[in-house]
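Enquirer: Structural data only, the sequence is not supplied:
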Ligand SMILES: Cc1cc2nc3c(=O)[nH]c(=O)nc-3n(C[C@H](O)[C@H](O)[C@H](O)COP(=O)(O)OP(=O)(O)OC[C@H]3O[C@@H](n4cnc5c(N)ncnc54)[C@H](O)[C@@H]3O)c2cc1C
């Protein structure tokens with residue numbers, strides 16, 4: 001027998017992890033303490049984009065909904081991510097067509113486009129001030145990827161009528177991205193970036209405005225079926241609910257084995273430089289777009305509103321963050337921008353995302369009245385809130401989008417939730433090494 005202690009990276013906390021985002025956010029909504037036992041129609045576990053959006057869309061229809069967040073709203077990946085707005089799913093349309101067929105791929109693509117529209121709807125309908133900016137470059141780190149990238153662009157434009165994307169040759173790309181690391185790529189005018197924590201808090205405020213009840217510092221220990229509903233045991237009070245939604249993503253730990261054997265936590269890291277001044281900042285990315293690259297361990301970067309470079313790079317597959325995260329990310333940043341050798345890093349932090357073996361989200365009704373949505377595999381800024389809406393729709397009787405997603409098979413990691421780490425670590429190191437070839 002061995003005792004499992006909650007891993008350091010997943011430990012709930014009374015405060016947000018300090019970051020550039022927490023420093024530049026005011027006005028945190030004050031969520032309540034769950035001091036007394038309560039009953040509701042739907043209990044959502046997890047206060048990130050998925051859970052908050054589920055709550056928003058339920059409350060908007062008059063459903064009595066409670067959100068239980070073990071730390072703070074947006075404390076998980078939703079308040080710490082790169083803020084990059086990607087259109088589409090983590091797998092490209094070729095992969096999807098060969099795995100789920102042409103008809104379902106078309107529907108999934110339409111879902112992804114609707115998810116992007118939903119982001120605009122949220123920001124406009126609720127006046128969410130989250131530094132939204134359009135434009136996303138996907139940069140190839142190998143010249144040999146150019147042909148495939150061009151084919152993908154043609155397929156999206158011709159077959160999927162997606163005219164917002166175009167191919168950039170090496171020269172065109174380097175005119176925008178001041179780095180010799182890249183050999184062409186794509187430019188997507190529907191992509192972009194935003195301030196992820198302000199976005200999460202904006203969705204929370206919108207949900208509260210429709211009557212959702214959000215409780216922070218409320219760790220859910222157990223969810224059990226009881227006659228006609230569910231009993232949710234927390235570190236504070238008890239909640240009984242007709243239905244329950246898990247929206248815990250990479251932070252679910254020892255709550256439901258059916259989810260944990262399919263959704264694996266992975267740590268990813270971000271560093272933010274000192275302010276660079278307008279001219280130097282624009283020499284890195286001349287049009288202010290977000291950039292992500294073709295590496296398996298993706299580098300992603302963008303400028304902030306105050307002309308810093310926000311750079312995400314490096315992952316680890318342990319339960320702990322590195323002691324010095326700035327030093328961990330810095331070499332990745334200097335490999336792309338060696339000209340930043342003299343620049344100070346002012347902020348650095350880590351976060352945990354949830355990945356699945358296929359990189360497709362795991363959306364399921366685990367048993368009647370118990371739902372789960374997670375495993376966005378690094379692409380949740382656009383998708384997670386819209387998947388939250390699909391779950392809310394399903395709870396209100398419209399199951400079409402939910403069934404589109406839950407119909408995509410997501411297998412378990414070999415070894416289940418206990419042994420998934422060693423298997424995954426071996427796999428990830430293999431692919432990470434391929435980035436060097
Ligand atoms: C460093 C980093 C960079 C990223 N960059 C990007 C990017 O640029 N673009 C992009 O599209 N995606 C990015 N992602 C992924 C994206 O952030 C996620 O897909 C998205 O935030 C998922 O939202 P969520 O609500 O499902 O999960 P989370 O935001 O992780 O929320 C889950 C919540 O559940 C809570 N919880 C878990 N267990 C319990 C429990 N037992 N009781 C109560 N509460 C519980 C947690 O505290 C947490 O707040 C990144 C992720 C990371 C970590």
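Expert: On my side now, so go ahead. Everything numeric here is computed off the predicted structure, so don't read it as measured data.

Enquirer: Return the residues of the stretch 51-200 of the chain in contact with the ligand.
Expert: Proximity of the stretch 51-200 of the chain to the ligand (C-beta under 6 Å from any ligand atom) is limited to residues 51, 68-71, 75-78, 80-84, 86. To be clear about C-beta, it is placed using only N, CA and C from the backbone, and glycine gets the same treatment.

Enquirer: Neighbour-wise, which one of the residues you listed leads?
Expert: The member of those that has the most neighbours, counting by other C-beta atoms under 10 Å, is residue 51 with 35 neighbours.

Enquirer: what does the helix or strand in which that one is found rub up against?
Expert: Residue 51 belongs to helix 49-60 when assigned by DSSP states H and E. Outside helix 49-60, the residues that touch it by C-beta atoms under 8 Å, 6 or more residues apart in numbering are 41-42, 44-45, 65, 67, 69, 73, 78, 122, 199-200, 203-204, 206-207, 210-212, 214, 245, 247, 249, 373-374, 380-381, 384-389, 391-393, 395-396.

Enquirer: can you do 6 Å?
Expert: With contacts defined as C-beta atoms under 6 Å, 6 or more residues apart in numbering, helix 49-60 is touched by 42, 44, 65, 67, 78, 203-204, 206-207, 210-212, 245, 247, 373, 384-385, 388-389, 391-392.

Enquirer: Could you do stretch 173-185 as well?
Expert: Where contact means C-beta under 6 Å, 6+ apart, the residues beyond stretch 173-185 that reach it are 137-140, 143, 146, 168-170, 283-287, 291, 336-337.

Enquirer: Going by neighbour count, which residues in it are buried?
Expert: Buried residues in stretch 173-185, defined by neighbour count with 16 or more other C-beta atoms under 10 Å: 173, 174, 176, 177, 179, 181, 182, 183, 184, 185.

Enquirer: among the residues you listed, which are in helices?
Expert: Among these, the ones falling in helices (DSSP state H) are 173, 174, 176.

Enquirer: Burial check on the residue lying closest to residue 90 once chain neighbours are set aside, number of neighbours?
Expert: Spatial nearest neighbour of residue 90, chain neighbours left out: residue 359 (4.1 Å); criterion: C-beta to C-beta, 6 or more residues apart in numbering. Using other C-beta under 10 Å, residue 359 has 16 neighbouring residues.

Enquirer: can you check residue 357 too?
Expert: For residue 357, using other C-beta under 10 Å, the count is 21.

Enquirer: ok, it - contacts?
Expert: Contacts of residue 357 (C-beta under 6 Å, 6+ apart): 411, 413.

Enquirer: Let's see that with 8 Å instead.
Expert: Residues in contact with residue 357 (C-beta under 8 Å, 6+ apart) are 262, 410, 411, 412, 413.

Enquirer: And the pLDDT for residue 7?
Expert: On the pLDDT scale, residue 7 is placed at 75.

Enquirer: Now do the helices in the stretch 101-250 of the chain.
Expert: Along the stretch 101-250 of the chain, the segments classed as helices by DSSP state H, counting those that start in this stretch run 102-125, 146-158, 170-176, 196-209.

Enquirer: excluding its backbone neighbours, what's nearest the closest residue to the ligand within the stretch 301-437 of the chain?
Expert: Minimum separation of the stretch 301-437 of the chain from the ligand (C-beta to the nearest ligand atom) falls at residue 380, amounting to 2.0 Å. Distances taken as C-beta to C-beta, 6+ apart put residue 49 closest to residue 380, at 6.0 Å, once the chain neighbours are dropped.

Enquirer: For residue 53, see how far away the residue nearest to residue 378 when sequence neighbours are not counted is.
Expert: Excluding its sequence neighbours, the residue lying closest to residue 378 (C-beta to C-beta, 6+ apart) is residue 353, at 5.5 Å. To residue 53, residue 353 is 17 Å away according to C-beta to C-beta, to the nearest Å.

Enquirer: hmm, back to that, specify the angle between the helix holding residue 51 and helix 102-125 in degrees.
Expert: Here the directions of helix 49-60 and helix 102-125 differ by 70 degrees (axes from the mean of the first three to the mean of the last three C-alpha atoms, to 10 degrees).

Enquirer: tell me which strands and helices the following helix or strand past helix 49-60 is in contact with?
Expert: Where DSSP H and E defines the elements, the next helix or strand beyond helix 49-60 is strand 65-68. Contacts defined by 3 or more C-beta pairs under 8 Å, 6 or more residues apart in numbering; DSSP states H and E place strand 65-68 against strand 38-45, helix 49-60, strand 213-215, strand 238-246.
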